[in-house]
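*Asks:* Fold the following for me, if possible:
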Amino acid sequence: MEVGVGAGVTHYKGDLNPSFRPFNIHAAGNLLARYNFNNSLSFKVGAMGGWVSGDDKKSGYALNEARGFRFRNLIVEYSGQVEYNFLNFRSTSRSNSNWTPYLFGGFGAHQNPRQNIYSGGIVRVIKHGNTPNYNIPIGVGIKKVWKYQWNFGIEFGSRFLLNKKQSDLFDGLSYSPQRNFYKGRSTPIDLYDMANTPQADKYFYTNFYISYVFYKVYCPPGR
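*Replies:* Here you go, the predicted model:
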């Protein structure tokens with residue numbers, strides 16, 4: 001069993017930023033508890049809190065830049081994940097490795113206690129909601145032993161939102177062929193509908209963490 005704490009940055013991909021923008025980031029932090037079944041397989045539960053944002057001006061697309069919308073969500077996330085270590089991490093055998101890359105996947109949910117949508121530098125919409133929206137976290141990481149019972153690691157994961165009604169409203173905007181185009185022509189009805197993509201919104205989390213492993217060394221009784 002181990003417990004840990006981490007800090008990192010969030011990223012977003014959706015209607016305001018159709019391409020992944022690695023430098024459009026906000027700070028976030030997380031807590032974790034991990035149970036190691038063996039040297040290869042672990043189960044982790046965690047909670048994360050922070051801000052996620054998107055900005056038309058930073059999208060690199062002319063239509064988005066002309067619209068000039070941006071949003072910022074406060075999110076609280078909690079999840080359960082299964083991790084698979086590629087190397088024989090913390091083993092007592094000769095093939096022992098003090099580091100390993102790993103894959104993780106699982107099931108989680110997030111809440112948006114606050115959502116701000118800006119236009120022209122003015123807050124146009126403020127939403128509050130604590131209804132859970134479910135997601136699937138998938139990602140990769142690397143962890144390493146650090147001084148006896150301590151580990152440290154870094155991981156990157158994507159959150160695929162499951163609620164079809166909410167998955168394209170994470171940024172406050174959604175795509176609709178009936179609204180975006182008029183009588184089959186590629187003419188947006190208004191600026192609000194322009195430059196929205198049919199893809200569902202996603203957010204990502206990159207974090208660095210440290211954790212403490214609880215274990216004891218059992219010595220056989222002396223003869």
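*Asks:* Return the helix or strand in this protein with minimum mean pLDDT.
*Replies:* Ranked by mean pLDDT, DSSP states H and E, the helix or strand of the chain with the weakest confidence is helix 177-180, at a mean of 54.
*Asks:* ok, and what's touching the helix or strand just after that helix?
*Replies:* Once helix 177-180 ends, the next helix or strand along the chain (criterion: DSSP states H and E) is strand 202-213. Under the criterion Cβ atoms under 8 Å, 6 or more residues apart in numbering, residues 1-14, 20, 28, 30, 32, 34, 36, 48, 52, 75, 77, 90, 146, 149-161, 170 lie in contact with strand 202-213. Using the backbone N, CA and C atoms, a C-beta is placed for each residue, glycine as well.
*Asks:* Name the nearest residue to Trp150, ignoring sequence neighbours.
*Replies:* Spatial nearest neighbour of Trp150, excluding adjacent residues (Cβ to Cβ, 6 or more residues apart in numbering): Tyr212 at 6.0 Å.
*Asks:* okay, that neighbour: pLDDT?
*Replies:* For Tyr212, the model assigns a pLDDT of 96.
*Asks:* how far away is it from Gly141?
*Replies:* 17 Å (Cβ to Cβ, to the nearest Å).
*Asks:* the more surrounded of those two?
*Replies:* Higher neighbour count among Tyr212 and Gly141: Gly141, with 19 against 13, using other Cβ atoms under 10 Å.
*Asks:* hey, what's the more buried one bridged with?
*Replies:* Beta-bridge partners recorded for Gly141 (DSSP bridges): Tyr102, Glu155.
*Asks:* How about the contacts made by it?
*Replies:* Glu83, Pro101, Tyr102, Phe104, Gly153, Ile154, Glu155, Phe156, Gly157.
*Asks:* Which one of those is nearest to His110?
*Replies:* Distance ranking of these against His110, using Cβ to Cβ, places Gly157 first at 12.6 Å.
*Asks:* Could you check the helix or strand that contains that closest one and say which residues are buried?
*Replies:* Assigned by DSSP H and E, Gly157 falls within strand 150-161. Within strand 150-161, the residues scored as buried using 16 or more other Cβ atoms under 10 Å are Asn151, Phe152, Gly153, Glu155, Gly157, Ser158, Arg159, Leu161.
*Asks:* Out of those, which is nearest to Asn116?
*Replies:* Of all those, the one with the least separation from Asn116 (Cβ to Cβ) is Leu161, at 19.0 Å.
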